[in-house]
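1. Here is my input, please return the structure:
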Amino acid sequence: MNNSTNYSKEKLVVELVAAHNLMPKDGEGSSSPFVEVEFENQRLRTQVKYKDLNPIWNEKLVFHVKDVADLPYRTVEINVFNERRSSNSRNFLGKVRVSGSSISKQGEEVAQLYTLDKRSLFSHIRGEISLKLYLSVKEEVKDLGATNGIVENVTASSATSSGFSKKAKKLQGLSSGSAMAAQQQLCQVQENKPTQQSHSQTQHSKSLEQNPEMKPVVVTTGPGPTIPSVSSGGVSLFSNGLSEFSLKETRPQLGGESLQKDKTSSTYDLVEQVQYLYVRVVKGREISVPFGGAELVAEVKLGNYRGITKRVSLNNVEWDQVFAFSKDSIQSSMAEILVKESNKDDYLGRVWFDLNEVPRRVPPDSPLAPQWYRMEDKKGEKAKAGEVMLSIWFGTQADEAFAEAWHSKAANVHLDGLCSIKSKVYLSPKLWYLRVSVIEAQDIVLGEKGSSVMRFPELSSKVQVGNQVLRTRIAAASPNRSLSNPYWNDEMIFVVAEPFEDYLLVSVEDRVAQGRDEVVGRVLFPVMAIERRNDEKPVTSRWFNLDSHLGNAGESKMVTRFGSRIHLRVSLDGGYHVLDEATLYSSDVKPTAKQLWKPHIGVLEIGILGATGLMPTKIKEGKGGSTDSYCVAKYGQKWVRTRTVVDSLSPKWNEQYTWEVFDPCTVITIGVFDNSRVDKNTSNIAGIRDNRIGKVRIRLSTLESDRVYTHSYPLLMLHPSGVKKMGELHLAVRFSCANMANMLHMYTMPLLPKMHYVQPLGVNQLESLRYQAMNVVSSRLSRSEPPLGREVVEYMLDHDSHMWSMRRSKANFFRLMNVVSGIVAMGRWVEAMRNWHRPVYSTLFLVLFLLLVMFPELIIPSVLLYMAFLGLWRYRSRPRHPPHMDTRLSHAESVFPDELDEEFDSFPTSRSAEVVRLRYDRLRSVAGRIQTVVGDMATQGERLQHLLSWRDPRATFIFVFSCLIAAVGFYAVPIRVVVALWGLYVLRPPRFRSKMPSPALSFFRRLPTRADSLL
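-> Numbering: from 1, shown residues only. Sure thing, here's the model as predicted:
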């Protein structure tokens, strides 16, 4: 190291700032961490912070740099250890590997936050570390001791950080506040150097072009300083605005609460009662028009709001339309109903009402009967103006006229778009599985005539239902069958919907050339005529005559002599549940056949109150950003759609819906969309799609019975730029149980109908059938009025849940690791007992072990009793709120831009060849790690197999001889004694143990494997 001529003048400075939330490793709930940094065969370490899980170092470690030009190709390895003073050893707390391309220049450095990585798959690590890396010519390397280029116990604290070190010493006593101190320091660095930070971000963006490890994308909608969050593993635990992604409990004034004394007057008790003025204009008579032949309209005027009916002829003056004016938007004390010609502003007659005299209607009262009212003309005379039949009353959204009414807040919607803003209830069509078994065919006449070359016919069968097409394999040659009698015995399944409008077309085709098939016969019959079955009993197969004419009348007589026919077994299977949504989020598991349904066990009620803070999805002329939002809720076959609230970022729907529940382990999905058909300029554009705003899933089994849950759910959307909060959806949910015994009995029943287990369908087949079912449902719902668009159905049914995503793969991997962590924690606890860190606990554990060995009949009751008490103990801390979309669990906060771009890529891909190559290389690297793990598992299994295979004769001889001796020993010695001796041997104190592996483990590792035979 003294030969400084080999190094450049610039030095690498690694400034260790602080760490947060480290894993306790000293056996007493804490750790004594220090950091060891290695760079180009130089190793330096910081001071030890004793008994501190949130240490603050503020130390600089200075390293020599051989060649600054090679720095982007070098890595800096930072390891965090726990010092164990008792045994003069250390525990691994985590590591970070930083690329040299991330190193900035002095004066441009910014503290970065890194998540600590594991050293191996089973390392138990947590926490983050903040540090700075930059080049400096002012710092000097202080050599306190050098051996072969490795420097130990070297610290170089900067004089400029002495003031902050004093502050850090005061904060060290506050273990809970030390993490906040580290964050405050990062914010101070950014505030003090705004220009330097912007320049450093420019340098960092340039370095990202060379470094494949890119910075995670975190998109937040609220203001505030952003803490840099960099993770070498792609996992970030720090981001601003975590609270805005969380679930919030609300306390709205629901209808049932405000009318507890008079509960019968409230139909909607899960929504806020909103008062409306309803005006129903039915028809007119004796209306005189000066010139005749004009079309008449009725106009309802209330302050600045005007509602106009449809146009009718003078011969049939019937409108029968309802207008609803929200009470909070009423700006006048008088309501006017005007009748006028459609193309003129002057009215022919009018009727007015004082709002103080308007009656109030409370359901379940019958609708108010309309009456005839004499109109007055412009002169105030009532003799010649005619009469109009109407009714006017005050009511709430519980009124049956609410759904079909024209709302005052939709005054700017064009006439063609009015139908698309009304609330509706849709029913999914009843779906069936159509099973077609193509067995064989007889006397097939080939279509080719006069061919001089004999060839083997390649006959296959094609089955088509609607736009679903499947083919059998090409019939193989058989010595027992002639060429004109092909045999397939292939089974195909299709999805059809009631009412059955499709036909089943089965054709036999002969492949005469590559890509060219010739039809040699077909049969066509309606799906409605197919036999239905509800159990596993097969239906009777039938022979169907093939039509070989194929439109050629000249050959009809000759072909008729041959009776070509096909053997089919066709049935409509009603014992299955046709899955049209993702299995994990299924809202219905009933079989198709209604006679197999069981009585419902409860009722689900949803009050869709409103939304707040919606993001603008469109720009309207003169109004800026705006949203025309509506809600869609799907559970079972019932879809509901609220009315569209126009031009509002905080819409209020206050609509309540009810579903019958047949299984508690189901999920209801509520989505929010922007209506693109309201604007007159875009409604006529072909292929217009409603924009997604977000959705919420609620699993019914997580809800307590008869409790009203009122929460605001974050509406989160993953965009190509990152996760974004689109607003909050306010819901009131109640799950009522009719009979608790039936409810508990459902938990012991199979989740799917019987046919799914008697004749199960393959995973790939189910996924294909789900896609077909989704197409059938979307095509049927798009034919409703107003139509429910295909984009809405696909989003609600999670049509892309099976697509590959690196983000989802990470999320599922860490979900698995979270499950395994319980077993790992138990193993660590047993290991702690073996190490006798706490002698009292280890002694008690040993006594308990010997007690269970002496009385083995206590083992199972003890475990069950422990689990029962543990469940009762956790009852107090049970979840009080329904689950919601978790951005951290979904790894949506720390996803990399390239991974997001890959997730939003189409299938097949539309990206350039270079991008696809990079992603393929990344996928190969991930698959290589998986391949290594799978290979290690296979190696251990093969070693077990080779214990008795005599592949290694000496090893097998030792094992067989040991088994003979052990058999005699176990026969002579009681099993309790053997287990007790084994337990005493395993739990012996560390001073009686050797650090070398046991003979049995060494013997096992020496066994041969088949890896030697791999190429």
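2. ok, now which ones touch the closest residue to Glu660 other than its chain neighbours?
-> Among residues not flanking Glu660 along the chain, His600 sits closest, at 4.2 Å (C-beta to C-beta, 6 or more residues apart in numbering). To be clear about C-beta, it is placed using only N, CA and C from the backbone, and glycine gets the same treatment. For His600, the contact set (C-beta atoms under 8 Å, 6 or more residues apart in numbering) comprises Glu660, Val661, Phe662, Ala738.
3. same check, this time on Gly255
-> By C-beta under 8 Å, 6+ apart, the neighbours of Gly255 are Ser266, Thr267, Tyr268, Asp269, Leu270, Val271, Glu272, Gln273, Thr396, Ala398.
4. pLDDT score assigned to the residue nearest to Glu660?
-> Here the pLDDT value assigned to His600 is 91.
5. likewise Lys618?
-> 81.
6. Quick check: bridge partners of it?
-> Ser626 (DSSP bridges).
7. Next: Val570.
-> Val436.
8. my guess is it contacts Ile530, does it?
-> Yes: with contact taken as C-beta atoms under 8 Å, Val570 and Ile530 are classed as touching, separated by 5.2 Å.
9. between the two, what contacts are shared?
-> Leu434, Leu504.
10. Flag the shaky bits of the stretch 251-400 of the chain, pLDDT-wise.
-> 256-267, 292-293 (pLDDT under 70).
11. Mind doing that once more with 90?
-> The stretch 251-400 of the chain contains residues with pLDDT under 90 at 251-276, 284-317, 319-321, 323-336, 338-369, 373-387, 394-400.
12. can you map out the strands along it?
-> Taking DSSP state E, counting those that start in this stretch to define them, one finds strands in the stretch 251-400 of the chain at 276-285, 295-302, 305-308, 312-313, 318-326, 334-341, 347-354, 371-374, 387-395.
13. hmm, back to that, and the contacts of Gly255, which is closest to Val934?
-> Closest to Val934 out of the contacts of Gly255 is Leu270 (51.6 Å), distances taken as C-beta to C-beta.
14. so who does the closest one touch?
-> If you count contacts by C-beta under 8 Å, 6+ apart, then Leu270 has Leu254, Gly255, Gly256, Glu605, Ile606, Gly607, Gln656, Val708, Ala732, Val733, Arg734 around it.
15. Buried ones among the contacts of His600?
-> Listed as buried from the contacts of His600 are Val661, Phe662; burial here means 16 or more other C-beta atoms under 10 Å.
16. In the contacts of His600, find the pair that's most separated.
-> Checking those with C-beta to C-beta, the most distant pair is Phe662 and Ala738, at 11.5 Å.
17. hey, what's in contact with both of those two?
-> In contact with both Phe662 and Ala738: His600, Ile601, using C-beta under 8 Å, 6+ apart.
18. hang on, the earlier thing: can you add distance to Ala497 and secondary structure and give the contacts of Leu270 back as CSV?
-> As requested, the contacts of Leu270 are exported to CSV (distance: C-beta to C-beta, whole Å; DSSP: H, G, I helix; E, B strand; the rest coil):
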residue, distance to Ala497, secondary structure
Leu254, 38, coil
Gly255, 37, helix
Gly256, 38, helix
Glu605, 28, strand
Ile606, 26, strand
Gly607, 31, strand
Gln656, 29, strand
Val708, 36, strand
Ala732, 33, strand
Val733, 30, strand
Arg734, 32, strand
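19. In the residues you listed, find the pair that's most separated.
-> Across the contacts of Leu270 (C-beta to C-beta), the longest gap, 15.0 Å, separates Gly255 and Val733.
20. which residues in the stretch 551-700 of the chain form strands?
-> Under DSSP E, counting those that start in this stretch, the stretch 551-700 of the chain gives strands at 565-573, 602-612, 618-620, 624-626, 629-635, 638-641, 652-661, 667-674, 691-699.
21. what's the offset of the fifth one from the middle of its chain?
-> So the one you mean is strand 629-635. Counting by C-alpha atoms, centre = their mean, to the nearest Å, strand 629-635 is centred 17 Å from the centre of its parent chain.
22. what ranges do the helices span in the stretch 651-800 of the chain?
-> Along the stretch 651-800 of the chain, counting by DSSP state H, counting those that start in this stretch, helices occupy 740-746, 755-758, 763-781, 790-796.
23. Contacts for the longest one, please.
-> Think helix 763-781. Contacts for helix 763-781 (C-beta under 8 Å, 6+ apart): 426, 428-429, 431, 433, 467-468, 493-497, 578-583, 639, 761, 787-788, 790, 793-794, 797, 799, 802.
24. Could you do the last one as well?
-> Contact with helix 790-796 is made by 581, 632, 634, 639, 669, 671, 673, 689-690, 692, 695, 774, 777-779, 781-782, 800, as judged by C-beta under 8 Å, 6+ apart.
25. try 6 Å
-> Val632, Lys634, Thr669, Gly671, Phe673, Arg689, Asp690, Arg692, Ser778, Leu781 (C-beta atoms under 6 Å, 6 or more residues apart in numbering).
26. how far is it from where the chain is centred?
-> 14 Å.
27. Quick check: which ranges of the stretch 701-850 of the chain have low pLDDT?
-> 718-725, 737-743, 762-764, 782-787, 789, 798-816, 818-822, 827, 830-839, 849.
28. Let me see the ranges of the strands in it.
-> 708-719, 722-737.
29. Figure out which of the ones you listed is closest to Trp372.
-> Once the strands of the stretch 701-850 of the chain are compared by C-beta to C-beta, strand 722-737 is nearest, at 41.9 Å.
30. Which strands or helices does the closest one pack on?
-> Applying 3 or more C-beta pairs under 6 Å, 6 or more residues apart in numbering; DSSP states H and E, we find strand 722-737 packed against strand 602-612, strand 691-699, strand 708-719.
31. Note down every partner strand of the first one and its orientation.
-> Here strand 602-612 is paired, per DSSP bridges, with strand 652-661 (antiparallel), strand 722-737 (antiparallel).
32. List the buried residues in it.
-> Per 16+ other C-beta under 10 Å, strand 602-612 contains these buried residues: Gly602, Leu604, Glu605, Ile606, Gly607, Ile608, Leu609, Gly610, Ala611, Thr612.
33. So what's the residue count around Ala369?
-> 7 (other C-beta atoms under 10 Å).
34. Please name the nearest non-neighbouring residue to it.
-> Ser391 is the one closest to Ala369 (C-beta to C-beta, 6+ apart), at 6.7 Å.
35. again, but for Asp580
-> Ala773 is the one closest to Asp580 (C-beta to C-beta, 6+ apart), at 3.9 Å.
36. and the gap between the one you found and Lys51?
-> 60 Å (C-beta to C-beta, to the nearest Å).
37. Which one's more surrounded, these two?
-> Ala773 (22 against 15).
38. Make a PyMOL selection of whichever of the contacts of helix 790-796 turn out to be buried.
-> Only the buried entries of the contacts of helix 790-796 go into this PyMOL selection, using 16+ other C-beta under 10 Å:
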select buried, resi 632+634+669+671+673+690+692+778+781
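39. For the contacts of helix 790-796, give me a markdown table that also has distance to Gln940.
-> Putting the contacts of helix 790-796 into a markdown table (distance: C-beta to C-beta, whole Å) gives the following:
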| residue | distance to Gln940 |
| --- | --- |
| Val632 | 51 |
| Lys634 | 47 |
| Thr669 | 43 |
| Gly671 | 47 |
| Phe673 | 52 |
| Arg689 | 53 |
| Asp690 | 54 |
| Arg692 | 47 |
| Ser778 | 49 |
| Leu781 | 53 |
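40. If we only consider the contacts of helix 790-796, which is nearest to Asp898?
-> Nearest to Asp898 among those, with distances taken as C-beta to C-beta, is Arg692, at 23.0 Å.
41. So Met528 sits against Pro499, correct?
-> No: look at Met528 against Pro499 with C-beta atoms under 6 Å: they stay out of range, at 8.0 Å.
42. the more surrounded of these two?
-> Comparing Met528 with Pro499 by other C-beta under 10 Å, the one with more neighbours is Met528, at 13 against 8.
43. tell me the contacts of Ser890?
-> With C-beta under 6 Å, 6+ apart, Ser890 has these contacts: Ala811.
44. got the buried residues for stretch 31-47?
-> 31-40, 42-46.
45. Revised request: answer the last question for stretch 826-841.
-> Neighbour-count burial for stretch 826-841 [16+ other C-beta under 10 Å]: Met833, Arg834, Trp836.
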